Every structure is written in structure tokens, then in C-alpha cells.
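Colleague: sequence and predicted structure, then a few things I'm wondering about:
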Amino acid sequence: MAGAFVRLEDKHGWAWVTLDRPPLNLMVPEMVEGITTTFHALRRDPGVRGAVITGNGRALTGGMQLQFLRELTPFEAKAFITTLQEAIEAVHEAPFPTICMMNGACLGGGFELAMACDMRTASTDAVMGLPEIRVGLPSVIQAALLPPLVGPGRAAELLLTGESISASTALEWGLVNRVVPRPELESATVELMAKILACSPAAVRLQKELMVRWRNTDQSSAIHHGINTFAQTYATDEPREAMQAFLEKRKPRFS
């Protein structure tokens, strides 16, 4: 069940989560709560194979509604940024693959939401960045994901200048997986999804679980977590079916 300003659909075998406050889908507390509610509900459904996050209209989101941010007291600011962190963490820690489909501007908290996803696709006219510094605020919470994605120097430039980058630059920096013209964006995203859907559902879930562990622990512990996960995969027949299908040069048939 989706929350306020968030639309949830089942498309192409995945959950599609659309920020729905056009024209720019500017983020307000109700939308932030809607993201949290939606991803907590998806987390409880073992049948979810993955989720796409996008925006309704010409932007994923232009960032936070400044009229709301402008009036916060220090106490209210801490409470709000905590709820935003919880929403983005719900995406980052999702037990299934996530793709952010950037159909236009993706700024501020929306860019942090995009970075919290496993993969990103973007239209050629998309721009992304963290402009908070330009309105007197530091970029916080999941902005910490930026240096590992693009390197400390590039991250520092974005964080300290507040400038945005184009989709082509983001592709060059390894920040996005696909850049295509806007009319082709959904089909490019679905094509990426289909490659995941063709794989063993149990293995995909276990792989994502490991990816989350890798993010949150030291390298040695992360490597050792993989041993149990590898053995756990054999609790289903999916590895045998996938290997047999490969040997027989056919598509696997997962139950």
C-alpha cells in the first residue's frame, strides 16, 4: 500500500514506485512518509522481485520544498531529517533489487534516493546534484554514498559547489548504468529488469542480502558471510535447474 504522493503499481513483473506530486514532485513530509510506508510494505512481501523508483511528469524530483525547509526550528529540522534518512534507508536496505529511473531533474534528497538504489537509468536530459549548499545547508545523511560512487574529488566538487551534472557526465563517472532519450527510458529500464528476472529468484534475493552486508561491514566479514549464503542457495532446486538449463542450452524454468 502506497502512501501520500507515492503511487505503487505492478509493471513488467516488478513494483513501480512513482513520486506523484507534479510538476516537479518536490518532496514534503507526506511524500517522505509515503516512501517509507511503501518500501516497508514491499519488504514484507516475499513475492516482490524488484522495484523501480521514478517520478510523474518531467522530473524525478526537484528536491525538497524550500517553503517547508525555510520555516524549520532546530528541533523540527532534526526530526525531519531523521524521517528522510529512514525513508532512504528503507530503499537502500531493500531485500530485492532496486533501479532508479531518472526521467528528468533528480536533485537534493531525490538524488540521495537515487544513490540508495542498486542501479540507475537516466534520460539524456536528466540532471542530478546536491544543491543544498546554495541555500545555506550542508548535504547530509545518504549524501555519504556519493564519494564511494564517484570518488572523493568529484564528490567534493558536487558537495561544495552545489552544481548539477548532466546524465552524460554521470554515465562517464559510473554513477548511472544507462542513458537514453526520454522516449526510450522505460524500455531501457525494463530491459535491465528483464535480465534480473531471468535469473534465479532465490539467488537474486540472496545476492542482494550479501550486497547490503557488504555495504555495512568490513571486507573480511563480508567475504565470510558469502560462505553461508552459497550453501543456503542449495536449499532450493534453483541452482540445479539453472545449471541444467545452461548445459541444455535452454531457458531455466523456476517454480
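Modeller: Cool, got the structure.
Colleague: which residues in the stretch 51-200 of the chain form strands?
Modeller: All strands of the stretch 51-200 of the chain, identified by DSSP state E, counting those that start in this stretch, fall at 51-55, 59-61, 98-102, 105-107, 119-123, 127-129, 165-166, 178-180.
Colleague: so what's the nearest residue to Leu159 once chain neighbours are set aside up against?
Modeller: Once flanking residues are discounted, Leu159 sits nearest to Ser139: 5.5 Å by CB to CB, 6 or more residues apart in numbering. Bear in mind the C-beta positions are built from the backbone N, C-alpha and C, glycine included. Ser139 is in contact with Gly108, Glu112, Leu130, Glu132, Ile133, Leu159, counting by CB atoms under 8 Å, 6 or more residues apart in numbering.
Colleague: kindly report the same for Val91.
Modeller: When contacts are counted by CB under 8 Å, 6+ apart, Val91 touches Ile35, Phe39, Ile53, Thr98, Leu113, Ala116, Cys117.
Colleague: what separation do you get for it and Ile99?
Modeller: To Ile99, Val91 is 11 Å away according to CB to CB, to the nearest Å.
Colleague: one more: Arg182?
Modeller: Distance from Arg182 to Ile99, counting by CB to CB: 16 Å.
Colleague: ranking the contacts of Val91 by neighbours, who comes first?
Modeller: Tallying neighbours with other CB atoms under 10 Å puts Phe39 at the head of these, with 29 neighbours.
Colleague: okay, that one: pLDDT?
Modeller: In this model, Phe39 is scored at 97, pLDDT.
Colleague: you'd agree it is up against Ala94?
Modeller: Yes: judged on CB atoms under 8 Å, Phe39 makes contact with Ala94 at a distance of 6.1 Å.
Colleague: so Gly34 makes contact with Phe5?
Modeller: Yes: counting by CB under 8 Å, Gly34 touches Phe5, with 5.4 Å between them.
Colleague: measure how buried the residue nearest to Met128 when sequence neighbours are not counted is and give me the count.
Modeller: Distances taken as CB to CB, 6+ apart place Cys106 nearest to Met128, at 4.4 Å, with adjacent residues excluded. When neighbours are defined as other CB under 10 Å, Cys106 has 33 of them.
Colleague: contacting residues around Cys106?
Modeller: Taking CB under 8 Å, 6+ apart, one finds Ala59, Leu60, Thr61, Cys100, Ala114, Ala122, Ala126, Val127, Met128 in contact with Cys106.
Colleague: show me what the fourth one is bridged to.
Modeller: Right, the one you point to is Cys100. In this structure, Cys100 bridges to Ile53, Arg120 when assessed by DSSP bridges.
Colleague: how near is Ala51 to Val140?
Modeller: For Ala51, the distance to Val140 (CB to CB) stands at 24 Å.
Colleague: compare the two (neighbour count), which wins?
Modeller: More neighbours surround Ala51 than the other of Ala51 and Val140, with 24 against 14 (other CB under 10 Å).
Colleague: right, and that one touches Ala94 too?
Modeller: Yes: with contact defined as CB under 8 Å, Ala51 reaches Ala94; the gap is 6.6 Å.
Colleague: quick one: common contacting residues for those two?
Modeller: Phe39, Leu42.
Colleague: coming back round to it: for the contacts of Val91, which one is nearest Glu241?
Modeller: Comparing the contacts of Val91 against Glu241 with CB to CB places Thr98 closest, at 25.8 Å.
Colleague: tell me the pLDDT at the closest one?
Modeller: 98.
Colleague: thanks again, I'm all set now.
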